[in-house]
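Engineer: quick one, what's the 3D model for this:
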Amino acid sequence: MKTNLFLFAALAAAFLSVSSFSAAQVTIGGGDQPKAGTILDLNSTTKGGLLLSNVELTALDAIPASFPNGSAITEPEKQALAGMVVWNANDCLVPNGDGLYIWDGSKWNYTGGGDGYTSCVTVPAPTCMPAVPAVSFLYYNLGADAAKLMSLYPDLSPAKQQMAYLTEVSSSATDSTVYGDLYQWGRFRDGHEKRDAVPYGGENSTSSIGALSGDNLDATTGQVSISTLGEAYDKTSTTQKYGHFIKPDVFSPDWRTPKMDDLWGNGKSISYNFGSADGGAVPGSSGYYQKPVRTVNDPCPSGWHVPTQDEWERLANYDCNPQTDGGNFSIATSSEYYKSLSGLTNGATNAPLTWVRVENGLASIGTWEEGDRNGYAIYETDVWNDAATAYHSGANPLYEEAAPEPLLFLPTAGWRSMSDGVKDYTGKYGDYWSSTITSSDTYIWKLRDGGVSTDYDSRGIGMSVRCVKSN
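Structural biologist: Numbers count the residues shown, from 1 in each chain. Next up, the predicted model:
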C-alpha cells in the first residue's frame, strides 16, 4: 500500500490553502491560470499521470479500518465521503476484484481497470489457530487462460467457467485453457512448464537424459542456466536445456543435482504457537507459526506463492493436526457424489465446506478415465445443501447459471512423466505442488476419483500449481 492513501484529501488541503483565486480555482504543478470550468487543474511541464490511493478494500459496504478513523467512522461521515476514488488492490473482493472504485456514500462501486472478476477465494483459519492468517486461493491453475474463459462465459463465475469449458469445448492434453501449466518442482517460469514445449531430448524417448549438474545450473538461482541456450529460444527444440522439461532417470528423481530444498520457499511445514498473539516470534522454531517464504524462483505472480502443504489442507481436514504423510481425507469417494468434512472449525460436526466429484460437468460417482473432464468443485456447505436435488444427484450440470455457486474448481490436469516427458492422465489425475519438502521429495495435493489426499512425489515430475495469496 502506498503512502498516498488520501491523495484527494491532500489535494483538497492544497486547494483550501490557496486564497488568491476568488473563484476557488487552483492550479498545481504550473504557473498558468486554471482552465475555465475547472476547480483543480493539474498542470506540469513534467508529464505524467495521477496516482490514486492503493488500498485493500475488505467489503463493498465498508470504509477500511486502515483509513484514518476508519474503524470508528460514523454514518454521516461515510455519506460525506461520497465521490472518494481509490484503486483497490484486493484481488479477492467480491465480485469484481481489483480495480478502480468510487464510494457513493454507502458502498464502493467498481468502475473498471481490473480484470472485472474476483480472482481468489479466502478460506478462514481454524478457530484453534488465532495467530494463523486466512488463506486465499487463486481461482485458476497457474497458466490457465482466464481472459479466454471470461470472454466465452462472461455471465459465469470462474469455477463454473472452467467446468463449462471442459464439458462443452473439445479439450486435449495440450489445452492449457483450464488445465494450466505443468511445472517441475522448484523451477521458475522459463517455458519448460508449457504443455506444448518439447522436452530436452525429445518426447517419447526411451532413454532419460538424467538430472542436470555443474555448468548446466545457475549458481545463484539454482535454475537451468540460460547460458546453456546458446541461441534463440525455440520451444520445439530437442537440444536446448533452458526453457525445456528435463527428464531425470529413475536414480535421479530430481531434475537437478545436488538437490536444493529452498527453491520454492523455506522448505518447511508451517508450525504453530497457539498462545502467541502474532505468531512467527521465533521463525523456524517448533511450536510457532512460521510464515511461508516466497523466493525469486516462485512462478506465482507478485503477491502470491506456491502453497505449503498446510495451506492446502485448509480446504479439507485442517484440525490443528496437519497430515503431511499420505493422510487420505476420503473426500467424496467413488461411492459418493459429495462429502462435507469437519475440520475448519476444529472438529465441528457442521463442516463449512463440501467437496463434490465432478465428471463432465455433473456430480458423479463414475470412474474417472483419461480424457474425461473431471475434477472437484468446493462449495460452502450451506450453499450446497440448499441446492436442488437435480444437482446433488448429477441430473443437471453444475455450471448452469441456476446451479449452486462453487468457491473453487480443481481440475484433474494430469502430469508430465519425468522419464519420457509425455503428458499422462489428463482428466483422470490431478496432482498439485506444495512448497513443503520431504528428505528427498516434495508433498503434493492429490486428486483421484477415490478421494483426495496428501502425498509426496519426485521433483522431476511436471505438475499443476495453484497459487495462494501472500499475507
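Engineer: only C-alpha atoms from now on, for both contacts and neighbour counts.
Structural biologist: Noted.
Engineer: next up, phi/psi of residue 71, please.
Structural biologist: When read as degrees, to the nearest 10, the backbone of residue 71 gives phi -70, psi -20.
Engineer: residue contacts, residue 460?
Structural biologist: Counting by CA atoms under 8 Å, 6 or more residues apart in numbering, residue 460 touches 184-185, 246-248, 253-255, 418.
Engineer: 6 Å instead, please
Structural biologist: Neighbour list for residue 460: 184, 253-255, 418 [criterion: CA atoms under 6 Å, 6 or more residues apart in numbering].
Engineer: over to residue 82?
Structural biologist: 103-105.
Engineer: which of these are buried, as a PyMOL select command?
Structural biologist: A single PyMOL command suffices to select whichever of the contacts of residue 82 are buried according to 16 or more other CA atoms under 10 Å:
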select buried, resi 103+104+105
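Engineer: nearest to residue 164 among the contacts of residue 82?
Structural biologist: Nearest to residue 164 out of the contacts of residue 82 is residue 103 (CA to CA; 34.7 Å).
Engineer: is it true that the closest one touches residue 86?
Structural biologist: No - under the criterion of CA atoms under 6 Å, residue 103 makes no contact with residue 86, lying 8.5 Å away.
Engineer: thinking again about what came up before, could you work out the most separated pair of the contacts of residue 460?
Structural biologist: So, these by CA to CA: farthest apart are 184 and 253, at 10.9 Å.
Engineer: between the contacts of residue 82, which is nearest residue 361?
Structural biologist: Distance to residue 361 across those (CA to CA) is lowest for residue 103, with 38.8 Å.
Engineer: filter the contacts of residue 460 down to the ones in helices?
Structural biologist: If you go by DSSP state H, the contacts of residue 460 have nothing in helices.
Engineer: out of the contacts of residue 82, who's nearest residue 145?
Structural biologist: residue 103 (31.5 Å).
Engineer: and the pLDDT at the closest one?
Structural biologist: What the model reports as pLDDT for residue 103 is 95.
Engineer: any idea how far residue 80 is from it?
Structural biologist: Distance of residue 103 to residue 80, given as CA to CA, to the nearest Å: 10 Å.
Engineer: what is the nearest of the contacts of residue 460 to residue 315?
Structural biologist: Of all the contacts of residue 460, residue 315 sits closest to residue 184, with 23.6 Å by CA to CA.
Engineer: so what sits opposite residue 109 in the bridge?
Structural biologist: According to DSSP bridges, the partner residues bridging residue 109 are residue 102.
Engineer: now the helices: where do they sit in the stretch 301-450 of the chain?
Structural biologist: With DSSP state H, counting those that start in this stretch as the criterion, the stretch 301-450 of the chain has helices at 309-312, 381-385, 389-392.
Engineer: now do the stretch 51-200 of the chain
Structural biologist: Taking DSSP H, counting those that start in this stretch, the helices of the stretch 51-200 of the chain run over residues 75-80, 146-152, 158-168, 176-179.
Engineer: same list (those helices) but as a markdown table, adding mean pLDDT, distance to residue 35 and mean neighbour count.
Structural biologist: Output for those, formatted as a markdown table (pLDDT from 0 to 100; distance: least, CA to CA, whole Å; neighbours: other CA atoms under 10 Å):
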| stretch | mean pLDDT | distance to residue 35 | mean neighbour count |
| --- | --- | --- | --- |
| helix 75-80 | 91 | 27 | 13 |
| helix 146-152 | 91 | 40 | 15 |
| helix 158-168 | 95 | 46 | 23 |
| helix 176-179 | 96 | 50 | 24 |
